[in-house]
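> Following is a predicted model, sequence given first.
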Amino acid sequence: MFEARELEHASNRRLFSMGLLTCLLNPKIAILYLSLLPQFIDPAAGSVLLQSLALGSVQIVVATTINGLIAITAGSLAAFLAARPLWLRMQRYFMGTVLGGMAIHLATDRSRAVAA
């Protein structure tokens, strides 16, 4: 059974290193930079390198801000739920019901069945 429990303590440096390594090894951001950002670069408007760096910097600032807000919110929510076991139980039953309902819907949906 899943229970809330304390995790082993890790230093801020270790957590930062793990996050940085995860981000650097993520190929999605390289694909974004190579496929999406060039559409917004105008060679006639100046240095392509500076435009690329500006667009990349904006993306990094936005992503860092959003991810930071998500982490802070998740931490606050986790602390709220940990202090109230009833809420945690209700959330588990609610999500179990939603997932069970989706499974039943998928199993009984005839419009997606492959014609034999």
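Perfect, thanks for sending it.

> alpha carbons only for contacts and neighbour counts from here, please
Noted.

> Flag the helix or strand of this protein with the lowest per-element mean pLDDT.
helix 27-35 (a mean of 84; mean pLDDT, DSSP states H and E).

> and the next helix or strand after that helix with helix 27-35, angle?
Note on helix 27-35: by DSSP states H and E, the next helix or strand toward the C-terminus is helix 48-83. Computed by axes from the mean of the first three to the mean of the last three Cα atoms, to 10 degrees, the angle separating helix 48-83 from helix 27-35 equals 150 degrees.

> Quick one: distance of whichever helix or strand Ala107 is part of to the chain centre.
Assigned by DSSP H and E, Ala107 belongs to helix 85-108. In terms of Cα atoms, centre = their mean, to the nearest Å, the centre of helix 85-108 is found 21 Å from the chain centre.

> ok so, going back, restrict the least confident helix or strand of the chain to CA atoms and write it as PDB.
C-alpha atoms of helix 27-35 as PDB (Å, rounded to 0.1, in the frame of the first residue of the first chain):
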ATOM      1  CA  PRO A  27      17.000  15.800 -26.100                       C
ATOM      2  CA  LYS A  28      13.600  17.600 -26.300                       C
ATOM      3  CA  ILE A  29      15.100  21.000 -25.700                       C
ATOM      4  CA  ALA A  30      17.700  20.500 -28.400                       C
ATOM      5  CA  ILE A  31      15.000  19.600 -30.800                       C
ATOM      6  CA  LEU A  32      13.100  22.700 -29.800                       C
ATOM      7  CA  TYR A  33      16.100  25.000 -30.300                       C
ATOM      8  CA  LEU A  34      16.900  23.400 -33.700                       C
ATOM      9  CA  SER A  35      13.400  23.200 -35.100                       C
END
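
> Quick check: pLDDT value at the residue nearest in space to the middle of the chain.
Among the residues of the chain, the one closest to the centroid is Asn67, at 7.6 Å (Cα atoms, centre = their mean). pLDDT for Asn67: 91.

> repeat for Ala74
For Ala74, pLDDT reads 93.
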